[in-house]
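Student: pasting the structure only:
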(Lines give C-alpha, C1' and ligand atoms only; values in the text may rest on other atoms or scores of the structure.)
Protein backbone atom coordinates (compact mmCIF):
# COMPACT_ATOMS: atom_id res chain seq x y z
CA UNK A 1 0.00 0.00 0.00
CA UNK A 2 1.37 3.41 -0.99
CA UNK A 3 2.05 5.92 1.73
CA UNK A 4 0.03 9.10 1.96
CA UNK A 5 1.39 12.26 0.39
CA UNK A 6 2.45 15.22 2.51
CA UNK A 7 -0.74 16.95 1.40
CA UNK A 8 -2.95 14.12 2.75
CA UNK A 9 -0.87 13.71 5.91
CA UNK A 10 -1.20 17.43 6.68
CA UNK A 11 -4.82 18.08 5.64
CA UNK A 12 -6.33 14.68 6.43
CA UNK A 13 -8.03 11.95 4.40
CA UNK A 14 -11.27 13.72 3.59
CA UNK A 15 -12.68 12.91 0.15
CA UNK A 16 -12.05 16.53 -0.92
CA UNK A 17 -8.36 16.30 0.01
CA UNK A 18 -8.02 12.91 -1.67
CA UNK A 19 -9.54 14.26 -4.90
CA UNK A 20 -7.19 17.26 -4.93
CA UNK A 21 -4.24 15.00 -4.11
CA UNK A 22 -5.12 12.66 -6.99
CA UNK A 23 -5.01 15.60 -9.40
CA UNK A 24 -1.74 16.88 -7.94
CA UNK A 25 -0.17 13.43 -8.32
CA UNK A 26 -1.34 13.29 -11.94
CA UNK A 27 -0.84 16.89 -13.05
CA UNK A 28 -1.12 17.21 -16.82
CA UNK A 29 -3.53 14.30 -17.22
CA UNK A 30 -7.30 14.36 -17.53
CA UNK A 31 -9.84 11.93 -16.16
CA UNK A 32 -13.53 11.08 -16.07
CA UNK A 33 -15.30 11.24 -12.71
CA UNK A 34 -15.17 7.44 -12.49
CA UNK A 35 -11.39 7.51 -13.01
CA UNK A 36 -11.03 10.31 -10.44
CA UNK A 37 -12.99 8.24 -7.94
CA UNK A 38 -10.61 5.32 -8.48
CA UNK A 39 -7.46 7.48 -8.35
CA UNK A 40 -8.63 9.13 -5.14
CA UNK A 41 -9.61 5.80 -3.60
CA UNK A 42 -13.04 7.02 -2.54
CA UNK A 43 -16.62 5.91 -3.03
CA UNK A 44 -18.92 7.29 -5.73
CA UNK A 45 -21.01 9.00 -3.06
CA UNK A 46 -17.95 10.66 -1.53
CA UNK A 47 -16.88 11.93 -4.95
CA UNK A 48 -20.26 13.46 -5.66
CA UNK A 49 -20.54 14.96 -2.16
CA UNK A 50 -17.20 16.75 -2.61
CA UNK A 51 -17.32 17.49 -6.34
CA UNK A 52 -19.31 20.73 -6.10
CA UNK A 53 -16.64 22.27 -3.87
CA UNK A 54 -13.85 21.10 -6.20
CA UNK A 55 -15.56 22.80 -9.14
CA UNK A 56 -16.61 25.95 -7.25
CA UNK A 57 -13.03 26.57 -6.11
CA UNK A 58 -11.81 26.20 -9.69
CA UNK A 59 -9.46 23.36 -8.82
CA UNK A 60 -10.39 21.44 -11.96
CA UNK A 61 -11.39 22.35 -15.47
CA UNK A 62 -13.11 20.43 -18.24
CA UNK A 63 -10.51 19.54 -20.86
CA UNK A 64 -12.60 17.60 -23.35
CA UNK A 65 -15.77 15.62 -23.82
CA UNK A 66 -16.61 12.35 -25.44
CA UNK A 67 -20.30 11.66 -25.67
CA UNK A 68 -21.87 12.65 -22.36
CA UNK A 69 -18.62 12.14 -20.46
CA UNK A 70 -16.50 15.11 -19.42
CA UNK A 71 -12.81 14.78 -18.70
CA UNK A 72 -11.27 16.94 -16.00
CA UNK A 73 -7.72 18.08 -15.28
CA UNK A 74 -6.10 20.15 -12.58
CA UNK A 75 -6.73 23.84 -13.35
CA UNK A 76 -3.15 25.05 -13.30
CA UNK A 77 -4.30 28.63 -13.96
CA UNK A 78 -6.10 28.76 -10.60
CA UNK A 79 -4.39 30.79 -7.87
CA UNK A 80 -5.58 28.24 -5.31
CA UNK A 81 -3.98 25.43 -7.29
CA UNK A 82 -0.76 27.41 -7.68
CA UNK A 83 -0.64 27.93 -3.91
CA UNK A 84 -1.31 24.25 -3.26
CA UNK A 85 1.41 23.23 -5.71
CA UNK A 86 3.87 25.72 -4.17
CA UNK A 87 3.11 24.32 -0.73
CA UNK A 88 3.49 20.77 -2.03
CA UNK A 89 6.90 21.65 -3.50
CA UNK A 90 7.99 23.15 -0.18
CA UNK A 91 6.99 19.97 1.62
CA UNK A 92 8.19 17.53 -1.02
CA UNK A 93 10.40 14.58 -0.33
CA UNK A 94 13.58 14.86 -2.39
CA UNK A 95 13.00 11.30 -3.60
CA UNK A 96 10.18 12.50 -5.86
CA UNK A 97 10.96 11.63 -9.47
CA UNK A 98 12.43 14.52 -11.43
CA UNK A 99 9.66 14.30 -14.03
CA UNK A 100 6.99 14.96 -11.38
CA UNK A 101 9.00 17.86 -9.89
CA UNK A 102 9.26 19.40 -13.37
CA UNK A 103 5.49 19.11 -13.95
CA UNK A 104 4.77 20.77 -10.62
CA UNK A 105 7.37 23.48 -11.20
CA UNK A 106 5.86 24.26 -14.61
CA UNK A 107 2.52 25.02 -12.94
CA UNK A 108 4.15 27.57 -10.67
CA UNK A 109 5.43 29.71 -13.53
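Tutor: Great, that's in hand. Since the model is a prediction, treat every value here as computed from it, not as a measurement.

Student: ok, now which ones touch the residue nearest in space to the middle of the chain?
Tutor: The chain has residue 23 as the residue nearest its centroid, 2.0 Å off, counting by C-alpha atoms, centre = their mean. Applying C-beta atoms under 8 Å, 6 or more residues apart in numbering, one finds that residue 23 lies in contact with 36, 59, 60, 73, 74. The C-beta positions use only the backbone N, C-alpha and C, and glycine is treated the same way.

Student: 7 Å instead?
Tutor: 59, 60, 74 (C-beta atoms under 7 Å, 6 or more residues apart in numbering).

Student: secondary structure class for it?
Tutor: helix (DSSP: H, G, I helix; E, B strand; the rest coil).

Student: how much space is there between it and residue 59?
Tutor: Here the distance between residue 23 and residue 59 works out to 7 Å (C-beta to C-beta, to the nearest Å).

Student: Provide a list of residue ranges in this protein with pLDDT below threshold.
Tutor: Within the chain, the ranges that satisfy pLDDT under 70 run 1-3, 92-96, 101, 108-109.

Student: Just the buried residues of stretch 73-83, please?
Tutor: 73, 74, 75, 76, 78, 81 (16 or more other C-beta atoms under 10 Å).

Student: roughly how far is that stretch from the heart of the chain?
Tutor: 9 Å (C-alpha atoms, centre = their mean, to the nearest Å).

Student: again, but for stretch 25-41
Tutor: For stretch 25-41, the distance between its averaged C-alpha position and the chain's averaged C-alpha position is 8 Å (C-alpha atoms, centre = their mean).

Student: re earlier: which residues are common contacts for residue 23 and residue 59?
Tutor: With contacts defined as C-beta under 7 Å, 6+ apart, the residues shared by residue 23 and residue 59 are residue 74.

Student: separation between the residue in the chain sticking out farthest from the centre and residue 103?
Tutor: Distance from the C-alpha centroid of the chain peaks at residue 67, with 23.7 Å (C-alpha atoms, centre = their mean). Using C-beta to C-beta, we find residue 67 at a distance of 29 Å from residue 103.
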